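Enquirer: Could you look at this predicted model? Sequence included:
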Amino acid sequence: MDTINLVNNGKPYFFRLDIAKESGQIARFTDWIKTRVSDNGKKVPIQWYDQGTVMNVHGFYPFIEGGVGKWIKDDDTGELVPSTDVVYRTWQGTPADTSDNGIAYYTLEDQFFTKQGEFVGTFGLRDDNGNNLTSVNLVFSILGNDLRLTQAKDYYIKDLENLKRKFENDGNQAVKDFNAKGNDVINKFSNDYNVKTQAAQDALVKATKDLSSYATTVETMDAQIKAKALATKPDLDQAKSDITKIVEDKTANLTNVAKANFNTIASLDQLKKDLATGAEGYWITLDTKHMYIWAGSDWTDLGSAGIGDGTVPGQTIKAESINNAQIGTISASKIFNSFSDISKAEKWGMGGTDLYVAADNAVIQLLSGKGDRGIAFPVEFTGYNWGWKNLYIDFNYYFTKKVDNYVSVYVMRDDNTILLDQELWVGKKMSDYVHVCIPAAFIQNNSLSQKFKVLVACHGEPSTLDVEHFRVSDDSNNSLLPDKFKDLDLLTVKNGFNLAEAQGWQLTQGSDYFYADSTEAVFKTGDASSNKGIVLKAHITPGVTNYIQVQYGIVSAAQYGIAAFLSNGRNLNDGVFAQFGSVETNTGIHTLTYKLTPAEIIRLGINDECTLTIGGNVNALILKSATISTTRNGAGVLEAINNDDTSKKVIYGSSIHLINSANSKSIDGLKLVTPGEKYDQDNGRLDHITLYAKEKGSTSIYIGKLDQNNLLVDYKQYVLNYSAGYNEFDFLSQDIPVNNGDYVFVDCSSLGVYQPDSSHPLANTTRVQDAHHIIQGQYSGNTFYSGNFLAPFEYSVVPATSTQLAKSLNNDITTTSEKIDTIKKQVKQVAILTSPSGKKFRISVDDNGTLSATSTVPSNVQVFGNSLTGYYKTGSPALGATDPNHDWFHYFSEYVKNINPNAVVDRHTVAPWEQNATGRDVQFDQLFKPYLSQDTNLVVLQVGDNVNRDDSHATFKNDVMDLFKRVKEVSPKAKIYFVGIWFCNWPDMIDSVKAACDKYDGTFVNITDLATEENRSRIGEQVTLSDGSTTTISTGGEAIHPGNAGYKKIANRLIDSLDF
């Protein structure tokens, strides 16, 4: 590997770069500069050459621009393409950072080390006017404790190397997986993780103490040598060398302990035979269960491996013995619930296909030809109620090359038979997140065993398919652990029963039906002559009052109805029990509550576990929810604090899990249907819809109210696409409001409704809209009426989370603010007078009360901005525009000169004013003031995008106000327009700009919302400069600037706000 020239000659190391050369050189910095994530302030010296001649860099500003994160090489263009996690950073020094012999010092601040990955960007030099005089494209590889610098010209990475880099990036934080050969032993290690962590920690502490001791010895010896100038100094040097070697050996051992890589092998003899020269990690022999480690020349027996179940009581584990640093080594993104082991994935399909599995990625590569190939993931269900609950498939995928490929998902039997006629999902995007439901009916109808496979198939051209975070569970919201934490809202934190673990009570196998999942538990029977029901296990909190709440629906067939009981046994037939709530005989949805006092807990003999049984003489029972909590009505944490008992999930509709076997009910002109009552709380949000369809199709959801004539009013409509069979839709993240008095309707014109019977009970009446039309005075339309129909869907509504409420409030504030801005604009128009000839004049008054009239048509216009206004090279277009005629400055100046051909319109780059946290007054005198005068009557400020550090942000509020003040002092007649902020790193910057506009009669032109993908430039875009030469948008940092479309919209926003 070639290296960039590193020069020493008795001086500190520096790096030699020649701007006239192109290379693919790589140099590793580790031996000279120790860098890692979170470092700050490292100085990188670079000596600049031009065709072999040292450059004079005095007076220039060193700068760094680029992005930090994961970059993937595009197979077609060869360019490095930023992933979604890339963040963009800049740094600019001062002339004090340059010295003789062409050397400039570049400071690597902590902002460049926020994450592992790569930094792709440029190092360069800039003059006082912000013009770039030279720069070199470079790539940093930030590997935790290693920094690698690469000149990015002709940067080649093979496909497999690219994949390997991706696996390394994703896997650095992952927990080390044990070898699958020794599942029993390895599982025991996992179960005893706390104890093993303690042992590892003790080893770390001991090794650290040894290191400290040796370090102290070395320092003492050095002091003696220097103080006494001993004649035996060579001997002491040799001793110091020996000690250093010991320290290195211990550090190596420490690394081995930290790795804690466990492996299994049949016996010690086999170990010595297969690994005669040693290997890393700990090796466990399956015959004796002893653990061995390579000691340099032989395998050393570390004793019996594993700790017997129950041999270490919890009290023997020291408090705080496991610290945050240890827990922090576990990557939360690798922790998820799944009945599938991705490490056992198999390749499927035509030849020429390679499969790679690492961490939680499975990658398949079709080397040549066309055809079907894919990855088969084995699944083994080990949960409750097999065949009576839905399963859910979740994964991410992406293709490394943009080709005309698509992905489909199938179920395979354990013998590899594919259920081809029942495709679960198909998608044609280059990358996507997939959430697929395997309905319980699918499992039953296909007699699927608890061991099966899921096939993710790829169809089309040669490419590489990466499947990440594949998982199968019975949780409809099986997101990754970091997402679960992110989505967790205190309003929804409750104690409760797990409905998925519910079991039938006194049901007759073969004749009675039972179903349970995380959303509901259902039993149905044709014989209601005896008590039957549902039983749930739960944990209560002894010593305090516990509140129990149950929501259920029934179809009664006898006078005894439904009752609920709490017991200290497994069910009512075993243990002491107490009935709570009243007996209910009416059909519909009902709620029971019970206050379990400490005295009642003692009377029932409950320690911490109990069972809830609900049942009676009924044909069917639908258990919708059950909570047990130390707060009234199962309130969440914030609800309890606010004493708000109304915030809870409300479930509407009858169970539809067997509706596929129900008889259809024909209704002429059927349109909208709702199985629920109106929502009677404030600030609700649509949570979930379960829908059954005989065929694939599309429909609409309507959320609105019914007036006194049962006509739909005040509604909003949403489109819903569905597949054949059972569909699960989660809406909470979409923040769809359901207000007090609203119903949720679905257009069932293609879905139909069904006839209830003893096997398909109706929990409550259904409202339908059909061809019945009414005219009552000024009111007319298709009316709703109630009937005994089974709707093909059920839904739930939950209270808005605190985040959603804050968002709603913010939207209200934004709407109000926009109205105020409109009023302000109208007020400002009052100060504009029109002369008899049609000319417009702006009226102003000075401190002496003297009125003056200034033409609104400007004659001297000065524009100050950054790379969005004009690129650093004089006369070049704004960065991202394809030529000088397609940036916003061109459109704006063209508009001004069409009105006043004699107008002067100039632009200036003032990026250093943004980047500096202090001294912006000096920057004003250098960058703004020379171009302003008494004759300047219009100023456009386009700044703020490069305020991307905490220190520069902290001073922005005062400094932007001061900027307006200074402009008005030099140019009192100037009308100020502020255009921004495309890269708005802190929302409060907008408030600071608005405050300055209000005080100095300026106009704010907001363009933050325009910073979307469709308005950005792109890598590979060719740019024509003012001198006719061409260049190319080559980095992610350039590509996120506006493109031609974005600049046109920015210009339109500014022109629309002008008063001439």
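Expert: Arrived safely, thanks for sending. Numbering: from 1, shown residues only.

Enquirer: buried stuff in stretch 437-451?
Expert: In terms of neighbour count (16 or more other C-beta atoms under 10 Å), stretch 437-451 has its buried residues at 437-443, 448. (C-beta placed from N, C-alpha, C; glycine too.)

Enquirer: can you check stretch 767-777 too?
Expert: Applying 16+ other C-beta under 10 Å to stretch 767-777 flags 767-770 as buried.

Enquirer: mind saving the C-alpha coords of it as PDB?
Expert: Extracted in PDB, the C-alpha atoms of stretch 767-777 (Å, rounded to 0.1, in the frame of the first residue of the first chain):
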ATOM      1  CA  ARG A 767     -74.000   1.600  12.000                       C
ATOM      2  CA  VAL A 768     -74.100   1.400   8.200                       C
ATOM      3  CA  GLN A 769     -74.700   3.800   5.400                       C
ATOM      4  CA  ASP A 770     -76.300   2.600   2.200                       C
ATOM      5  CA  ALA A 771     -78.500   3.900  -0.600                       C
ATOM      6  CA  HIS A 772     -81.100   5.400   1.800                       C
ATOM      7  CA  HIS A 773     -81.300   9.100   0.900                       C
ATOM      8  CA  ILE A 774     -83.100  11.700   3.000                       C
ATOM      9  CA  ILE A 775     -84.100  15.300   2.400                       C
ATOM     10  CA  GLN A 776     -85.100  17.200   5.500                       C
ATOM     11  CA  GLY A 777     -85.200  20.900   4.800                       C
END
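
Enquirer: Of the buried residues of stretch 767-777, which belong to strands?
Expert: Members of these lying in strands (criterion: DSSP state E): 767-770.

Enquirer: Can you report how many residues lie near Val583?
Expert: A count of nearby residues for Val583, using other C-beta atoms under 10 Å, gives 12.

Enquirer: hang on, isn't it packed against Ala563?
Expert: Yes: shown here, Val583 and Ala563 form a contact pair, counting by C-beta atoms under 8 Å, at 4.9 Å.

Enquirer: anything in contact with each of these two?
Expert: Residues touching both Val583 and Ala563 (C-beta atoms under 8 Å, 6 or more residues apart in numbering): Gly616.

Enquirer: For the stretch 701-850 of the chain, which segments are assigned as helices?
Expert: Taking DSSP state H, counting those that start in this stretch as the test, the helices found in the stretch 701-850 of the chain are 802-830.

Enquirer: what about it, any weak spots by pLDDT?
Expert: Confidence mapping of the stretch 701-850 of the chain against pLDDT under 70 gives the ranges 817, 821, 823-831, 846-847.

Enquirer: Give me the contacts around stretch 838-856.
Expert: With C-beta under 8 Å, 6+ apart, stretch 838-856 has contacts from 831-835, 857, 937, 972-973, 975, 1059-1060.

Enquirer: ok, which pair from those residues is furthest apart?
Expert: Using C-beta to C-beta, the two most remote members of the contacts of stretch 838-856 are Thr834 and Pro972, lying 23.1 Å apart.

Enquirer: of these two, who's got more company?
Expert: Using other C-beta under 10 Å, the more surrounded residue of Thr834 and Pro972 is Pro972, with 14 against 10.

Enquirer: tell me the contacts of the closest residue in space to that one that isn't next to it in sequence?
Expert: Leaving aside its chain neighbours, Pro972 sits nearest to Gln934 (7.3 Å; criterion: C-beta to C-beta, 6 or more residues apart in numbering). If you count contacts by C-beta under 8 Å, 6+ apart, Gln934 has them with 970-973.

Enquirer: same question, Phe470
Expert: Taking C-beta under 8 Å, 6+ apart, one finds 338, 340, 342, 345, 360, 362, 377, 393-395, 454, 456 in contact with Phe470.

Enquirer: Identify the spatial nearest neighbour of it, chain neighbours not counted.
Expert: Phe395 is the one closest to Phe470 (C-beta to C-beta, 6+ apart), at 4.2 Å.

Enquirer: Can you spell out which helices and strands pack onto the helix or strand harbouring that neighbour?
Expert: Using DSSP states H and E, Phe395 falls within strand 391-399. Contact partners of strand 391-399 among helices and strands, from 3 or more C-beta pairs under 8 Å, 6 or more residues apart in numbering; DSSP states H and E: strand 431-438, strand 451-460, strand 464-473.

Enquirer: Quick check: can you name the pairing partners of that strand and their directions?
Expert: Strand 391-399 has these partner strands in its sheet, going by DSSP bridges: strand 431-438 (antiparallel), strand 464-473 (antiparallel).

Enquirer: Give me the contact list for it.
Expert: Residues outside strand 391-399 that contact it (C-beta under 8 Å, 6+ apart) are 339, 381, 405, 407, 409, 424-425, 430-438, 443, 454, 456, 463-476, 478-479, 728.

Enquirer: got a list of contacts for the helix or strand following it?
Expert: Next helix or strand after strand 391-399 toward the C-terminus (DSSP H and E): strand 406-413. By C-beta under 8 Å, 6+ apart, the residues outside strand 406-413 that reach it are 376, 393, 397, 418-420, 422-428, 432, 434, 436, 438, 442, 446, 448-449, 452-460, 465.

Enquirer: For the buried ones among those, write the corresponding PyMOL selection.
Expert: Restricted to buried positions by 16+ other C-beta under 10 Å, the PyMOL selection for the contacts of strand 406-413 reads:
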select buried, resi 376+393+397+418+419+424+425+434+436+438+442+448+452+453+454+455+456+457+458+459+460+465
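
Enquirer: Find the helix or strand that Tyr88 is a member of.
Expert: strand 87-92.

Enquirer: Can I get stretch 868-885 in PDB, CA atoms only?
Expert: Taking C-alpha atoms only, stretch 868-885 is exported to PDB below (Å, rounded to 0.1, in the frame of the first residue of the first chain):
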ATOM      1  CA  LEU A 868     -26.200  29.100  -1.300                       C
ATOM      2  CA  THR A 869     -25.700  32.600  -2.600                       C
ATOM      3  CA  GLY A 870     -22.500  32.200  -4.500                       C
ATOM      4  CA  TYR A 871     -19.800  29.600  -4.500                       C
ATOM      5  CA  TYR A 872     -16.300  30.500  -3.200                       C
ATOM      6  CA  LYS A 873     -14.900  30.900  -6.700                       C
ATOM      7  CA  THR A 874     -15.600  34.300  -8.000                       C
ATOM      8  CA  GLY A 875     -18.500  34.400 -10.600                       C
ATOM      9  CA  SER A 876     -19.400  30.700 -10.000                       C
ATOM     10  CA  PRO A 877     -23.000  29.800  -9.300                       C
ATOM     11  CA  ALA A 878     -24.400  28.900  -5.900                       C
ATOM     12  CA  LEU A 879     -23.300  25.500  -4.800                       C
ATOM     13  CA  GLY A 880     -25.600  22.800  -6.300                       C
ATOM     14  CA  ALA A 881     -26.800  24.900  -9.300                       C
ATOM     15  CA  THR A 882     -25.800  23.600 -12.700                       C
ATOM     16  CA  ASP A 883     -24.700  27.000 -14.000                       C
ATOM     17  CA  PRO A 884     -24.800  30.700 -13.000                       C
ATOM     18  CA  ASN A 885     -28.200  31.100 -14.600                       C
END
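
Enquirer: That stretch: which residues count as buried?
Expert: Buried-residue list, stretch 868-885, by 16+ other C-beta under 10 Å: 868-873, 876-884.

Enquirer: Kindly indicate which of the contacts of stretch 838-856 lies nearest Pro901.
Expert: Pro901 lies nearest to Val857 out of the contacts of stretch 838-856, by C-beta to C-beta, at 11.1 Å.

Enquirer: contacting residues around the closest residue to Tyr652 other than its chain neighbours?
Expert: Nearest non-adjacent residue to Tyr652, counting by C-beta to C-beta, 6+ apart: Gly676, 2.8 Å away. Counting by C-beta under 8 Å, 6+ apart, Gly676 makes contact with 652-653, 743-744, 764, 795.

Enquirer: From Phe793, how far out is Gly676?
Expert: 10 Å (C-beta to C-beta, to the nearest Å).

Enquirer: Identify the contacts common to the two.
Expert: Residues touching both Gly676 and Phe793 by C-beta under 8 Å, 6+ apart: Gly653.

Enquirer: Thank you, goodbye.
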